[in-house]
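Novice: sequence and predicted model, in that order:
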Amino acid sequence: MQTVNTLRMLRTALAQLRVENATIALVPTMGALHEGHLTLVRRARSEADHVVASIFVNPKQFGPNEDLDAYPRRLAADAAMLEAEGVAVLWAPDAAAMYPDGFATNVSVAGVSDGLCGAARPGHFDGVATVVLKLFNQVAPDMAFFGEKDFQQLAVIRAMARDLDLTRPHVDAIIGVPTVREADGLAMSSRNRYLSPEQRAAAAVLPRAMQTAAAAIAGGTGAAEAMGALETELIAAGFTSIDYATLADAASLAPLEVLGAAPARLLVAARIGGTRLIDNIAINPAA
Ligand code: PAF
C-alpha cells in the first residue's frame, strides 16, 4: 500500500493503478477505523480492482463546539489495518493540502441537508458535501462506498452526485453498506470510544428501543406515540437528551406520521453524557 499526502503523489499513485481499464473504488473515512470501515473496504475490494481509502478529519464538518480537536487520530494504526485489507493507496492529506490558502468554495445540498442532524449541526452537511466532492474529483473513482449508519450523509452525497451530474462516481455507483453492529446491537462508531463503561452499557438500549418502536410502527402505531415511548426508554436508561427520533421517508427523509406504502426509515440521534450517538433502521411496509 502506498500512503500519499500530496495531490501530486496521489496522481502518480492513481496513474499506476489505472491501467487496462482497471476499476478504482474509493472508501472515504476520517480514520479511527473500526470493523464498520473495514466492512466498507472489503465490499469495495469485492467490486473493484483497486481500493483507495482516504483518511482526513475534515474541519469543515465540525461545528465550533464539536469534537474536532478530541476526534481520535491514529494514522499509523489505521494504515496498518488498511494495508492488511489489501488497500492499494491511502490518501491522507493534511488540512493545508485539502484547503489551501484562499479556498473559498462551499457545496450546499438544500432540503435533504436541513432536518435531522442538519438541524442540530448547522453547516455540517455543507462540510461533508464539500470535502466529498473534492475527494471524488481528486480520486475520480468508478465507485464509492459509504456506511448506511450515516444515512442522511449518504442521502446528501447521492443528491449532490445526481444534481451535479457526477460521472466519477455516477450517483448509481455511490454504494451504501448496511451498518455493522457490536454483539449487543450498538452501531459501530469511532465515537463509541468516548463512552464510559456505564454509558457504553446504557448505549445498547438505543438499538433495542429502536427495534421496539419499528415493530410498533409496522403494526400500525403512529410515529408520535412510538417515538414518545422510545424517548422515555432512552432517558430512563441514562441518555441525557434526544436530538431527534423520527420516522422518515427513506428516499426524501421527509418526516412521516404513519408508515405508508413506500420504504421508511427510523432515525435517532441522542446524547449520552458528552457523546452524541446516531442510528437508523429500515421499516419496510408489509408486502
Ligand atoms: O463519514 C465520514 O467519515 C465523513 O463524514 C466523510 C464521508 C469521510 C467525509 O469527511
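Specialist: Structure received.
Novice: give me the buried positions along stretch 177-194.
Specialist: Neighbour-count burial for stretch 177-194, with 16 or more other C-beta atoms under 10 Å as criterion, is recorded at 177, 179-182, 186-192, 194. For glycine as for every other residue, the C-beta is placed from the backbone atoms N, C-alpha and C.
Novice: wait, which of those is closest to the ligand?
Specialist: Of all those, the ligand sits closest to residue 190, with 7.9 Å by C-beta to the nearest ligand atom.
Novice: any idea of the mean pLDDT for the one helix or strand residue 135 maps to?
Specialist: According to DSSP states H and E, residue 135 maps onto helix 124-139. Averaged over helix 124-139, pLDDT sits at 98.
Novice: try stretch 65-74
Specialist: Rounded mean pLDDT across stretch 65-74 is 92.
Novice: got the CA coordinates for it in PDB?
Specialist: Provided in PDB are the C-alpha atoms of stretch 65-74 (Å, rounded to 0.1, in the frame of the first residue of the first chain):
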ATOM      1  CA  ASN A  65     -18.400  23.400  19.900                       C
ATOM      2  CA  GLU A  66     -17.900  20.000  18.500                       C
ATOM      3  CA  ASP A  67     -15.100  17.400  19.000                       C
ATOM      4  CA  LEU A  68     -12.700  18.300  16.200                       C
ATOM      5  CA  ASP A  69      -9.700  18.600  18.500                       C
ATOM      6  CA  ALA A  70     -10.600  15.500  20.500                       C
ATOM      7  CA  TYR A  71     -11.500  13.400  17.400                       C
ATOM      8  CA  PRO A  72      -9.300  10.300  17.600                       C
ATOM      9  CA  ARG A  73      -6.300  10.400  15.200                       C
ATOM     10  CA  ARG A  74      -4.200   7.200  14.800                       C
END
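Novice: and that stretch, what's buried?
Specialist: Neighbour-count burial for stretch 65-74 [16+ other C-beta under 10 Å]: 71, 72.
Novice: next one: stretch 222-242
Specialist: Using 16+ other C-beta under 10 Å as the test for burial, stretch 222-242 gives 223, 226, 227, 229, 230, 231, 233, 234, 237, 239, 242.
Novice: among the residues you listed, which are in strands?
Specialist: Counting by DSSP state E, the buried residues of stretch 222-242 place residue 242 in strands.
Novice: can I get the buried residues of stretch 222-242 in TSV with distance to the ligand and pLDDT?
Specialist: Output for the buried residues of stretch 222-242, formatted as TSV (distance: C-beta to the nearest ligand atom, whole Å; pLDDT from 0 to 100):
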residue	distance to the ligand	pLDDT
223	27	97
226	28	98
227	25	98
229	30	98
230	25	98
231	26	98
233	28	98
234	24	98
237	26	98
239	23	98
242	22	97
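Novice: wait, residue 25 touches residue 145, no?
Specialist: Yes: in this structure residue 25 lies within contact range of residue 145 using C-beta atoms under 8 Å: 6.3 Å.
Novice: mutual contacts of those two, please.
Specialist: residue 44 (C-beta atoms under 8 Å, 6 or more residues apart in numbering).
Novice: distance check, whatever residue of the stretch 151-287 of the chain ends up closest to the ligand against residue 172.
Specialist: Using C-beta to the nearest ligand atom, residue 153 is the residue of the stretch 151-287 of the chain that sits closest to the ligand, at 5.7 Å. According to C-beta to C-beta, to the nearest Å, residue 153 and residue 172 sit 18 Å apart.
Novice: these two: which has the busier surroundings?
Specialist: Of the pair residue 153 and residue 172, residue 153 is the one with more neighbours under other C-beta atoms under 10 Å, namely 24 against 10.
Novice: quick one, strands of the stretch 51-200 of the chain?
Specialist: 89-91, 143-147, 174-177 (DSSP state E, counting those that start in this stretch).
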